[in-house]
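[1] Sequence first, predicted model second:
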Amino acid sequence: MITDPQGTVLALFLAFCRVGGCMMVLPGFSSARVPPMVRLFAALGLSMAVMPMVWDIIYPKVSGGTQIAYINLILSESVIGVMYGMLARFFTLGLQFTGTVLTQMIGFNAPPAPDILEDAAENQLTNLISFGGLMVLFAMDFHHMVFRALLESYMQMPVGGALQIQKLLISLTDTARVTTLIMLRLASPFIIYGLIFNISIGMINKLAQQIPIYFISTPYLIAGGLFMLYLSIAAMLKQFADAFPSIFLGL
């Protein structure tokens, strides 16, 4: 039996602020292809599931508090939730960076096509790689890792505590730095391939300047790059998925 309906609703809304802020930017759940009502009810259902486990942490902060204090709690909880979602989003955005570098180095500059996940237009190979990486993460239940870390954040960043903006920014910066290094490592074979191929073609062009070497070499550049992608895309996505737990849970 609920003895304090008002306090229960306020506590549930605080839990919804942290969980909903995370799901608002979480890869997959924040996709433009997911209807807003589905995201809303998913966040609300998850908040109701989390509520009994954090009741003793949230309820004392909302019972007997002022309106200004409650508004401050809403803002701080939303910022914490968005930060945890952005950690995972930075990592998945890195795979789009890898796809962009890859397509540039192999000369596959096809007109952009509608993105599978978002409303923006991307190269077809970038769409393929980013969508494949996200599907592998879902197969590994990466959202369970994020939700578990979000639940544990109530101990690390308790409700009503001082919002450590510097710590949040350091976590985001470290995630972006490590993600960039990992994605450059994944794209490094194609970077080396593109550099070697273009340097070789440039030297050949110096020897036979009358031949339109660019138009002749481009099909070979694209064919070689696509063949390399065919051989390496499975290992690329595996390394991408294996790095997620160490990146997200290590911060």
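    Perfect, thanks for sending it.

[2] who touches stretch 131-145?
    The list of residues contacting stretch 131-145 from outside it, by Cβ atoms under 8 Å, 6 or more residues apart in numbering, reads 26-29, 88, 92, 95, 116-117, 233, 237-238, 240-241, 244-245, 248-249. Any C-beta I mention is one placed from the backbone N, CA and C, and that applies to glycine too.

[3] and the end-to-end length of it?
    Between the start and the finish of stretch 131-145 there is a gap of 19 Å, counting by Cα to Cα, to the nearest Å.

[4] State the mean pLDDT of that stretch.
    Mean pLDDT, stretch 131-145: 86.

[5] Spatially central residue for the chain, please.
    Taking Cα atoms, centre = their mean as the criterion, Arg89 is the residue nearest the geometric centre of the chain, at 1.9 Å.

[6] what about it, distance to Gln124?
    Using Cβ to Cβ, to the nearest Å, we find Arg89 at a distance of 22 Å from Gln124.

[7] Tell me how far whichever strand or helix holds Thr173 lies from the chain's centre.
    The secondary structure element spanning Thr173 is helix 165-207 (assigned by DSSP states H and E). Here helix 165-207 shows a centroid-to-chain-centroid distance of 18 Å under the convention Cα atoms, centre = their mean, to the nearest Å.

[8] Likewise for stretch 5-20?
    Average the C-alpha atoms of stretch 5-20, do the same for its chain, and the two points are 26 Å apart (Cα atoms, centre = their mean).

[9] Buried residues in that stretch, which are they?
    7-8, 10-20 (16 or more other Cβ atoms under 10 Å).

[10] Is it possible to get TSV of these that adds pLDDT and distance to Gln104?
    Supplementary listing: the buried residues of stretch 5-20 in TSV, determined by pLDDT from 0 to 100; distance: Cβ to Cβ, whole Å:
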residue	pLDDT	distance to Gln104
Gly7	73	56
Thr8	80	54
Leu10	82	51
Ala11	83	50
Leu12	84	48
Phe13	86	46
Leu14	86	46
Ala15	86	44
Phe16	88	42
Cys17	87	41
Arg18	86	39
Val19	89	38
Gly20	88	37
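
[11] The residues you listed into a markdown table, with extra columns for distance to Leu226 and secondary structure?
    As requested, these are arranged in a markdown table below (distance: Cβ to Cβ, whole Å; DSSP: H, G, I helix; E, B strand; the rest coil):
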| residue | distance to Leu226 | secondary structure |
| --- | --- | --- |
| Gly7 | 60 | helix |
| Thr8 | 58 | helix |
| Leu10 | 56 | helix |
| Ala11 | 55 | helix |
| Leu12 | 52 | helix |
| Phe13 | 51 | helix |
| Leu14 | 51 | helix |
| Ala15 | 48 | helix |
| Phe16 | 46 | helix |
| Cys17 | 46 | helix |
| Arg18 | 44 | helix |
| Val19 | 42 | helix |
| Gly20 | 41 | helix |
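
[12] Go through those and name the one nearest Arg33.
    Proximity to Arg33 was ranked across the buried residues of stretch 5-20 by Cβ to Cβ; first place goes to Gly20, at 18.8 Å.

[13] quick one, what contacts the closest one?
    Taking Cβ under 8 Å, 6+ apart as the criterion, Gly20 is in contact with 40, 43-44, 47, 78, 81.

[14] Tell me the spacing between the nearest residue to Tyr59 once chain neighbours are set aside and Gln156.
    The shortest distance from Tyr59 to any non-neighbouring residue, by Cβ to Cβ, 6 or more residues apart in numbering, is to Ala11 (4.8 Å). Applying Cβ to Cβ, the value for Ala11 to Gln156 is 19 Å.
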